[in-house]
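A.B. asks: Okay, sequence plus prediction incoming.
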Amino acid sequence: MNIENKRQIATVVLAVALGLVAAFLASQHVKNSIEAQTKRLAKEYEKQIESQKSALMHEMERREQEFNKKMMEFVKAQQQIQQKQQQSTTNTVSKPEIKKEVFSVNTPAGKRALTVMIDSLSAVGGLINPGDMVDIIASINMPDPRDPKVKPQQVISVLFQDVQILAVDTSFKAGADDASYKAQQKARSLNVTLALDPEEAGLLTFVQANGKLQLSLRSPSERGTHNLQVASWDALSDYVLERQGTELTVPRSRADIGIVDDKKDEVQPFIQIFRGGREGG
């Protein structure tokens, strides 16, 4: 083989080697470009997520501040009303004699008389009388804690137990005449006055503004309270399975859907039963 051929072969080998090196460098450049672009997109996505979280937290804080402000204004107004009432009582020279027919005499000590409007069907079909003891069942529209725009979820629970009925409409004496009792049963709605402690009165007013009420009549010989769970599809399924041996397929609760932060304990909605200002046992 002459020198000229050797030079040509060497030139070809060198060209192939340079081509391979160029291809390798080009692939590395493309790879590095893809990795850099991927990291940039990941950072932009993280910034968007953080921005959305920050906006949501600011909105929740703003609503909480508005709620606290309204509550403070309400408490202040109530205090002013109480002060005016105390001043009026102090300025009165003589107190009028309390007559037996005055309704306030029938209100137990430590209780408040609160009147709620309930449709006749929800008031045991109108078969209630002053002096009866009832349990109060509440159907409440609970807002979604993560997204206020989501439609509220209905929650049903026994709210208060062993509550005394002081009056039905304008009758506050047990054993009303037959005509009034029949008219009461035919009425579409009733004004039922209940004996509640101050805290229960406020809670019941709040529940009535955000849901519906129903009364469950108790036996005159039964007193006391029971621990009861919130009525739900899961509770119904467990009850039927335990009592009847039948397993029901229930829909998945909306509260179980969503992203959960593992670093924080999720606060679940709950309802406690109160009686006389204490938690029911």
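C.D. replies: Thanks, I have the structure now.
A.B. asks: low-scoring stretches of the protein, by residue?
C.D. replies: 1, 90-101, 175-177, 252-281 (pLDDT under 70).
A.B. asks: where do the strands sit along it?
C.D. replies: 112-119, 133-142, 153-168, 189-196, 211-217, 274-275, 278-279 (DSSP state E).
A.B. asks: For His58, find the nearest of those.
C.D. replies: Closest to His58 of the strands of the chain, according to CB to CB: strand 133-142, at 23.4 Å. C-beta here means a position set from N, CA and C on the backbone, and glycine is covered the same way.
A.B. asks: Which neighbouring elements make contact with the closest one?
C.D. replies: With contacts taken as 3 or more CB pairs under 8 Å, 6 or more residues apart in numbering; DSSP states H and E, strand 133-142 sits against strand 153-168, helix 198-209, strand 211-217.
A.B. asks: Would you mind giving those as JSON lines with mean neighbour count added?
C.D. replies: Formatted as JSON lines, the helices and strands packed on strand 133-142 follow (neighbours: other CB atoms under 10 Å):
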{"stretch": "strand 153-168", "mean neighbour count": "20"}
{"stretch": "helix 198-209", "mean neighbour count": "15"}
{"stretch": "strand 211-217", "mean neighbour count": "17"}
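A.B. asks: can you list these in TSV and add distance to Asp135?
C.D. replies: As requested, the helices and strands packed on strand 133-142 are exported to TSV (distance: least, CB to CB, whole Å):
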stretch	distance to Asp135
strand 153-168	5
helix 198-209	13
strand 211-217	4
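A.B. asks: if we can go back for a sec, and the strands of the chain as CSV, adding distance to Ser54?
C.D. replies: Formatted as CSV, the strands of the chain follow (distance: least, CB to CB, whole Å):
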stretch, distance to Ser54
strand 112-119, 42
strand 133-142, 26
strand 153-168, 27
strand 189-196, 43
strand 211-217, 33
strand 274-275, 38
strand 278-279, 38
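A.B. asks: and Arg7, which of those is closest to it?
C.D. replies: Smallest distance to Arg7 across the strands of the chain (CB to CB): 86.1 Å, for strand 153-168.
A.B. asks: The closest one vs strand 133-142, what angle?
C.D. replies: Calculated by axes from the mean of the first three to the mean of the last three CA atoms, to 10 degrees, strand 153-168 forms an angle of 150 degrees with strand 133-142.
A.B. asks: by contact count, what packs against strand 153-168?
C.D. replies: strand 112-119, strand 133-142, strand 189-196, helix 198-209, strand 274-275.
A.B. asks: winner for burial among these?
C.D. replies: Stretch with highest mean neighbour count among those: strand 189-196 (a mean of 20; mean count of other CB atoms under 10 Å).
A.B. asks: residue contacts, the residue sitting nearest the centre point of the chain?
C.D. replies: The centroid of the chain falls nearest to Met142 when counting by CA atoms, centre = their mean (3.6 Å). By CB atoms under 8 Å, 6 or more residues apart in numbering, the contact set of Met142 is 152-155, 269.
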